[in-house]
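Visitor: need a 3D model of the sequence below.
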Amino acid sequence: MDTLQILRERDRFQLTQLSRVQWWRLEREGKAPKRIRLSANSVGWLRSEIESWITERIGQRGNQQSQALQLASAARTASNRRGRHE
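Guide: This next block holds a predicted model:
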């Protein structure tokens with residue numbers, strides 16, 4: 001069984017490079033792993049959830065690039081069609 005590791009804010013920032021405010025907004029929108037309340041004044045995140053989240057972002061990068069290329073191609077095609085009919 002893998003040992004669960006909890007990351008504190010400094011460690012979470014090192015992995016994600018997102019500020020506290022940016023991360024809080026993503027959490028609030030349900031787009032990032034939620035914090036775990038450790039005590040009244042302490043929170044953390046599961047390392048495995050943060051790493052999975054990063055892996056998902058990497059996977060989406062390819063999809064976003066592919067979608068952008070498809071949109072650009074469609075725009076060029078539409079522009080070429082308009083140019084022939086004018």
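
Visitor: just the helices in the protein please.
Guide: 9-16, 20-28, 47-85 (DSSP state H).

Visitor: name the residues of the first one that are buried.
Guide: Residues Arg12, Thr16 are the ones in helix 9-16 that count as buried (16 or more other CB atoms under 10 Å). Yep, even glycine has a C-beta here, placed from its N, CA and C like the rest.

Visitor: check which residues of stretch 38-52 are buried.
Guide: Across stretch 38-52, burial judged by 16+ other CB under 10 Å covers Gly44, Trp45, Leu46, Arg47, Ile50.

Visitor: now do the contacts for the third one.
Guide: When the contact criterion is CB atoms under 8 Å, 6 or more residues apart in numbering, the partners of Leu46 are Leu4, Gln5, Ile6, Leu7, Pro33, Ile36.

Visitor: the second one: neighbouring residues, count only.
Guide: I take that to be Gln5. Neighbours of Gln5 under the rule other CB atoms under 10 Å: 13.
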